[in-house]
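Participant: what's the 3D shape of this:
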Amino acid sequence: MRFAEKNTNKVCYMILPEGIREDLSDELKHLSERYAVSIVELSGVNWNNDLTPWPAEGVFKKAKPFGGKATAFLKKLTEEVIPETEETLGIRDAQRTLFGVSLSGLFAVWSAFNTDAFTNIISLSGSLWYDGFTDWMKGKAPSPQLKKICMLLGEKEKNSKEKRMASVEEQTMAAAEILKTGSQASVTFELVEGTHFSPITPRLEHAFDIVFGTNY
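Facilitator: Residues are numbered from 1 along each chain as shown. Below is the predicted model of the structure:
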């Protein structure tokens, strides 16, 4: 857990890449206070296994394959982690946001179709290039509990030298259209400055404003 706000039922569950956690400490504190939302950072996540919906080959040379264990991780999150966390915080009738970056952004979008636990979904630079993902989305309806879905992607991410990852802009746009058509939620997709989740701070601030601000 990072920052617990009093007198609020808004909780943002965040799955962050290891390398940027500490860099965002001050920013997360600021956002927690500004938008009156408790921020819970999930730890102990096996990045390549827990966040992927089915097994797939790794990217780049000698990369480990993806384990495809998202179903088990989501079960643990919704049946163990969330109830324990909200009991500790004393929160009832929580409005939950699931926030992910890169592979956890993929997991967040996938979760929209597999649980009614969340009110909002935020995916920053989500790995929606993942093999077969947008095809899997077709014909499926996301949770009717969702109010807002926010997807931000760096305008240079499509320039990746890895062929699968280079399709991310095309696939994210396709995913956004599927969500807009099949969801009752407000869906925001925007291209923003930068590369793969960098710079992270402006995207983080913009996403929080979209989901928790009063101008959207």
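Participant: check which element follows the strand or helix carrying Met14 along the chain.
Facilitator: Secondary-structure element containing Met14, defined by DSSP states H and E: strand 10-15. Per DSSP H and E, the first helix or strand lying C-terminal to strand 10-15 is helix 25-35.
Participant: now do that following helix: which elements does it pack against?
Facilitator: Of the remaining helices and strands, those touching helix 25-35 by 3 or more Cβ pairs under 8 Å, 6 or more residues apart in numbering; DSSP states H and E are strand 38-41, helix 200-212. No exception for glycine: its C-beta is placed from N, CA and C like everyone else's.
Participant: adding mean pLDDT, mean neighbour count and distance to Lys156, write the ones you listed out as TSV.
Facilitator: TSV is the format used below for the helices and strands packed on helix 25-35 (pLDDT from 0 to 100; neighbours: other Cβ atoms under 10 Å; distance: least, Cβ to Cβ, whole Å):
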stretch	mean pLDDT	mean neighbour count	distance to Lys156
strand 38-41	96	21	27
helix 200-212	97	20	13
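Participant: distance to Leu77 added to these, as JSON lines?
Facilitator: Converted to JSON lines, these look like this (distance: least, Cβ to Cβ, whole Å):
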{"stretch": "strand 38-41", "distance to Leu77": "11"}
{"stretch": "helix 200-212", "distance to Leu77": "19"}
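Participant: report the buried residues of stretch 26-37.
Facilitator: Judged by neighbour count using 16 or more other Cβ atoms under 10 Å, the buried positions of stretch 26-37 are Leu28, Leu31, Ser32, Tyr35, Val37.
Participant: between the residues you listed, which is closest to Ser102?
Facilitator: The shortest gap between Ser102 and any of these belongs to Leu28, at 17.4 Å (Cβ to Cβ).
Participant: would you mind measuring from the closest one to Trp54?
Facilitator: According to Cβ to Cβ, to the nearest Å, Leu28 and Trp54 sit 31 Å apart.
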